[in-house]
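Engineer: coords please:
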Amino acid sequence: MGESNELEKGVHNYSSEENWVQPDDPLLLERLEWFKDQKLALMMHWGPYSQLGLVESWALSDEDGEWSRDDIDWEEDMEEFKRQYFDLNRTFNPIRFQPDKWAELASRAGFKYLIFTTKHHDGFSMWDTQETDYRITAKTCPFHTHKYADICKNVFDAFREKGIAIAAYFSKADWHNPYYWAPGMERKRKMWRGPSYDPDQYPWVWEKFISFTHNQIMELMTKYGRIDILWLDAGWVGKRNQDIRLGEVVEKARQKQPWLLTADRTVGGLYENYVTPEQTIPDHAMEVPWESCITIGTSFSYKYEDDYKSLREIIHTLIEIVAKGGNLALNVPPQPDGRLPRKAIEQMEELGKWLDIYGEGIYGTRITSPYYQQNYAFTKKDDVVYCFRLLKEGDNSFQKEKIVIPYHETVHRIDLIGVSDGLHFFQDQNGITLDIPAASEKDTPIAQVFRFSSM
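Structural biologist: Numbering: from 1, shown residues only. Okay, the predicted model is just below:
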């Protein structure tokens, strides 16, 4: 896959399921089954860039300027903008950050694992790294005196306390590091997302970057408790002449944390343990482990006055992804002051209430034919099949009605979860015809969930 095909407007394409490599280690295979059970992750992009309300990092890359700089309306000189951007650490002071409240909300909302940005492409580290001063605990950052200054530590600890697993997002690119974007070694007038020099021509410089990257990863793997997933972004790193010898550091990390899954996005091979579509859902069910990261609004990083997805859209997205065999990583970006946006909190609370009733058809399920078609989705757990009827805005689910479900395996009993057990139905060549009882108007008409029992 060529460089131009790997990313479009900062969004990664995803590896083909045919290129997925199954691990040999029985423990990793067991952990992939655990991963498939989880279904719902909370993803969080947060850093000094949140102060601007811009797309994270990307405006620093001249190659990506055409789409990423639309909101830069105060500065025409892009070199000056870059200086301003890299100085955002000097004003980042999220004193309203309360990690315990984040974790409590995530637990109520039904999230099973957290994907947290330890470092994006801009290189700012949200933990107490000893490899660079461009970090949240440095004296140049006003937040360094706060009791929660080591943000990663406090977030990870709070979420683990609630039984939520940890995935450490880590960008393999680092545009602040002098061994990646090396001052005085720009190989073209406009910078791109890759290194500023040719690693083949300057292998000693590239080696220093590899050492830096390995050291940072090992800090996270040895000083921050149990990490379930190492979620690696910047898929262009690791291809062609940008080899960072990832296998060396992953195997070293697994000596400390043998259960560690790795998501080396778009690179393929032994360290892309699961596939990661971004802002999209595959058009068909996939047997390989996968996870779609999709924003609750329009942006991965905090955006002022963002447009949030409706609860219906979030739930329908989750149902479609699960019916096709994947997990949803719902990205909720914190505000620069450390709080979560009010609208995001409302949607998360309502999502949790819905999952409290219907989660049995989501968590721990696997794909089953006919998967997802028309306005129906199907999942399976042991001998039970769950059928989701996705309702559109304005659909009236309160009155009695007769419907035909396109399902052709033998069913002996059907319950409408949360409404009525033992529905009257019959099966023929058209599928399952059944009578829907009237529902209470307090029920949210987002989706009806049927439980099919074959025994």
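
Engineer: low pLDDT regions in the stretch 151-300 of the chain?
Structural biologist: 186-189 (pLDDT under 70).

Engineer: with just CA atoms, put stretch 167-177 into PDB.
Structural biologist: Output of stretch 167-177 as PDB, limited to C-alpha atoms (Å, rounded to 0.1, in the frame of the first residue of the first chain):
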ATOM      1  CA  ALA A 167      -5.000   0.200  26.000                       C
ATOM      2  CA  ALA A 168      -2.100   2.700  25.700                       C
ATOM      3  CA  TYR A 169      -2.300   4.700  22.500                       C
ATOM      4  CA  PHE A 170       1.200   5.600  21.400                       C
ATOM      5  CA  SER A 171       2.200   7.400  18.200                       C
ATOM      6  CA  LYS A 172       5.300   5.800  16.600                       C
ATOM      7  CA  ALA A 173       6.000   9.200  14.900                       C
ATOM      8  CA  ASP A 174       7.300  12.100  17.000                       C
ATOM      9  CA  TRP A 175       7.400  15.500  15.300                       C
ATOM     10  CA  HIS A 176       9.000  17.100  18.300                       C
ATOM     11  CA  ASN A 177      11.900  14.700  18.500                       C
END
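
Engineer: chain center to it, what's the gap?
Structural biologist: Here stretch 167-177 is found 15 Å from its chain centre; the criterion is CA atoms, centre = their mean, to the nearest Å.

Engineer: which positions in it come out as buried?
Structural biologist: Judged by neighbour count (16 or more other CB atoms under 10 Å), stretch 167-177 contains these buried residues: 167-177. The C-beta positions use only the backbone N, C-alpha and C, and glycine is treated the same way.

Engineer: do the same with stretch 259-266
Structural biologist: Under the neighbour-count criterion of 16+ other CB under 10 Å, stretch 259-266 has 260-266 buried.

Engineer: tell me the one of those residues nearest residue 120?
Structural biologist: residue 265 (13.6 Å; CB to CB).

Engineer: quick check: the closest one touching residue 12?
Structural biologist: Yes. Contact criterion CB atoms under 8 Å: residue 265 and residue 12 qualify, at 5.7 Å.

Engineer: need the residues touching each of these two.
Structural biologist: 233, 235, 276 (CB atoms under 8 Å, 6 or more residues apart in numbering).

Engineer: for the first one, give me its contacts.
Structural biologist: By CB under 8 Å, 6+ apart, the residues touching residue 233 are 12, 120-121, 169-173, 265.

Engineer: so it versus residue 190, what's the distance?
Structural biologist: 22 Å (CB to CB, to the nearest Å).

Engineer: for residue 108, grab the count of nearby residues.
Structural biologist: 16 (other CB atoms under 10 Å).

Engineer: for the helix or strand it falls within, the averaged confidence score.
Structural biologist: Assigned by DSSP states H and E, residue 108 falls within helix 99-109. In this model, helix 99-109 has an average pLDDT of 98.

Engineer: and of the buried residues of stretch 167-177, the nearest to residue 239?
Structural biologist: Distances from residue 239 to the buried residues of stretch 167-177, taken by CB to CB, are shortest for residue 172, at 10.5 Å.

Engineer: what's the longest helix along the chain packed up against?
Structural biologist: Longest helix of the chain, by residue count under DSSP state H: helix 203-223. Counting contacts by 3 or more CB pairs under 8 Å, 6 or more residues apart in numbering; DSSP states H and E, the secondary-structure elements packed against helix 203-223 are strand 165-171, strand 229-233, helix 246-256.

Engineer: residue 145 is nearest to which of these?
Structural biologist: Nearest to residue 145, of all these, is strand 165-171, at 24.7 Å by CB to CB.

Engineer: elements contacting that closest one?
Structural biologist: strand 113-119, helix 151-161, helix 203-223, strand 229-233.

Engineer: how about 6 Å then?
Structural biologist: Contact analysis of strand 165-171 by 3 or more CB pairs under 6 Å, 6 or more residues apart in numbering; DSSP states H and E lists strand 113-119, strand 229-233 as its packing neighbours.
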